[in-house]
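Colleague: Structure here, sequence nowhere to be found:
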């Protein structure tokens, strides 16, 4: 196997003022490529060591959807169950019309809508509802309590009629907490992180460990990097120290997260093979696919996936706001995991999308 093309692609990414990146490719659970390049800081004084802790942001969604599907496998809920059966405050929702009118929703949110980003929520963590949750909990924002404020905000559309990247998986985390009877962070630790051996991963990083995180930067126009503070809670999508954001709150390392990918590529350790196949089955119709807007991919239960049309990509996976990106290609028994720690890196996104294709070329 010649990974020269992958080396070249990762070098091109570094040219966009990315201080450093890390990448691993595994075939049948065995690493066949690993490259740790560059630096942990923008001043280029601290070389990456390969064991850094990253905020993986939206790659957290894989953990949350895996946790929820474990409960689905046990028969504790059905995909078309209405959400209010588990979170009663979501029984009567409102919808904001294109004209700005707020009226009662005609359709109920289902568990499937949460997985597939079709519930009608926004991604506004600064909404009146979330600000009230912050005030009422004295800034702590425990997951279940905070999510209970969300129905105060009108939906963007009737559930199931549109696709919008949103707080769906944060709500799913709250549902996991209720259905399992265990706080979300504890559930994923006991049933995912401990099972596959991910000791450096958590959704609730204590303040005493903030200094274990890799420095986070934001790409500005023409690439100059701006340091991003960790705010009070260590995560840009964590409104309070007790809020385990199912959609964006996980901290992990490349080695840790790679173990999760192996478990989902092989199957049976965390989820049955049939459940993983369901996860990577396109759930979108033509109208929803247009709103989704990612050519070559469909959207399954929390992951991009091969489209229902049968013509397109072969991998399933997702990416995070600071650059974490993963792809699982079951038919080739192959996983790819890429890490960086720069948000808003629009210049890098097209290059990141090339990684699975280049890896397949290198393996052929």
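Modeller: Nice, I can see it. Worth saying up front: this structure is predicted, and the values here are computed from it rather than measured.

Colleague: For residue 62, give its distance to residue 247.
Modeller: Here residue 62 is placed at a distance of 11 Å from residue 247 (CB to CB, to the nearest Å). The way it works is simple: take the backbone N, C-alpha and C, and place the C-beta from them, glycine included.

Colleague: Settle it for me: which of those two has more neighbours?
Modeller: residue 62 (26 against 23; other CB atoms under 10 Å).

Colleague: tell me which strands and helices the helix or strand hosting the more buried one is in contact with?
Modeller: If you go by DSSP states H and E, residue 62 is part of helix 60-73. Helices and strands touching helix 60-73, by 3 or more CB pairs under 8 Å, 6 or more residues apart in numbering; DSSP states H and E, are helix 111-116, helix 168-180, helix 184-188, helix 254-266, helix 273-279, strand 316-319.

Colleague: how about the helices of the chain, start to end?
Modeller: 4-14, 60-73, 111-116, 128-136, 143-147, 168-180, 184-188, 194-196, 254-266, 273-279, 286-292, 349-353, 355-363 (DSSP state H).

Colleague: Would you indicate which residues of the first one are buried?
Modeller: Buried residues in helix 4-14, counted by 16 or more other CB atoms under 10 Å: 6, 7, 9, 10, 13, 14.

Colleague: Would you mind putting these into a markdown table with distance to residue 34 alongside?
Modeller: Putting those into a markdown table (distance: CB to CB, whole Å) gives the following:
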| residue | distance to residue 34 |
| --- | --- |
| 6 | 11 |
| 7 | 12 |
| 9 | 15 |
| 10 | 11 |
| 13 | 16 |
| 14 | 16 |
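
Colleague: Of those residues, which is the nearest to residue 55?
Modeller: residue 13 (18.2 Å; CB to CB).

Colleague: my guess is the closest one contacts residue 348, does it?
Modeller: Yes: the pair residue 13 / residue 348 is scored as a contact, 5.5 Å apart, by CB atoms under 8 Å.

Colleague: So for these two, which residues contact both of them?
Modeller: Common neighbours of residue 13 and residue 348 (criterion: CB atoms under 8 Å, 6 or more residues apart in numbering): residue 340.

Colleague: Show residues contacting stretch 175-189.
Modeller: 63-64, 67-68, 71, 76-77, 83, 86-87, 111, 114, 143-144, 173-174, 190, 202-204, 244, 246.

Colleague: can you give me the end-to-end distance of that stretch?
Modeller: The first residue of stretch 175-189 is 16 Å away from its last residue (CA to CA, to the nearest Å).

Colleague: Check which residues of it are buried.
Modeller: 175, 176, 177, 178, 179, 180, 183, 184, 185, 187, 188, 189.

Colleague: and if you look at stretch 309-328?
Modeller: Burial within stretch 309-328, assessed by neighbour count using 16+ other CB under 10 Å, is assigned to 312-328.

Colleague: do stretch 339-347 as well
Modeller: Buried residues in stretch 339-347 (16+ other CB under 10 Å): 339, 340, 341, 342, 343, 345, 347.

Colleague: what's the answer for stretch 119-129, then?
Modeller: Applying 16+ other CB under 10 Å to stretch 119-129 flags 119, 120, 121, 122, 125, 127, 129 as buried.

Colleague: Nearest to residue 268, out of these: which one, please.
Modeller: Of those, the one sitting nearest to residue 268 (CB to CB) turns out to be residue 119, at 30.2 Å.

Colleague: how far away is the closest one from residue 183?
Modeller: Taken as CB to CB, the span from residue 119 to residue 183 is 23 Å.

Colleague: go on, residue 339?
Modeller: On the measure of CB to CB, residue 339 and residue 183 end up 27 Å apart.

Colleague: need the helices of the chain in a markdown table with distance to residue 213 and mean pLDDT, can you?
Modeller: Formatted as a markdown table, the helices of the chain follow (distance: least, CB to CB, whole Å; pLDDT from 0 to 100):
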| stretch | distance to residue 213 | mean pLDDT |
| --- | --- | --- |
| helix 4-14 | 21 | 98 |
| helix 60-73 | 14 | 98 |
| helix 111-116 | 28 | 98 |
| helix 128-136 | 23 | 94 |
| helix 143-147 | 21 | 97 |
| helix 168-180 | 21 | 98 |
| helix 184-188 | 17 | 98 |
| helix 194-196 | 22 | 98 |
| helix 254-266 | 14 | 98 |
| helix 273-279 | 29 | 98 |
| helix 286-292 | 31 | 95 |
| helix 349-353 | 21 | 94 |
| helix 355-363 | 23 | 96 |
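
Colleague: For residue 213, which non-adjacent residue is spatially closest?
Modeller: Nearest residue to residue 213, sequence neighbours excluded (CB to CB, 6 or more residues apart in numbering): residue 53, at 5.2 Å.

Colleague: correction: residue 76
Modeller: Closest to residue 76 by CB to CB, 6+ apart is residue 179, at 5.2 Å.

Colleague: again with residue 320
Modeller: residue 57 (3.5 Å).

Colleague: Now do the contacts for residue 196.
Modeller: Here residue 196 is in contact with 259, 260, 262, 263, 269, 270 (criterion: CB under 8 Å, 6+ apart).

Colleague: thinking residue 57 is in contact with residue 322, fair?
Modeller: Yes: the pair residue 57 and residue 322 qualifies as a contact (CB under 8 Å) at a distance of 5.6 Å.

Colleague: that older thread, let me have the buried residues of stretch 119-129 in JSON lines, extended by distance to residue 42.
Modeller: What follows is these, written out as JSON lines (distance: CB to CB, whole Å):
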{"residue": "119", "distance to residue 42": "38"}
{"residue": "120", "distance to residue 42": "39"}
{"residue": "121", "distance to residue 42": "35"}
{"residue": "122", "distance to residue 42": "32"}
{"residue": "125", "distance to residue 42": "26"}
{"residue": "127", "distance to residue 42": "33"}
{"residue": "129", "distance to residue 42": "36"}
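
Colleague: Noted, bye for now.
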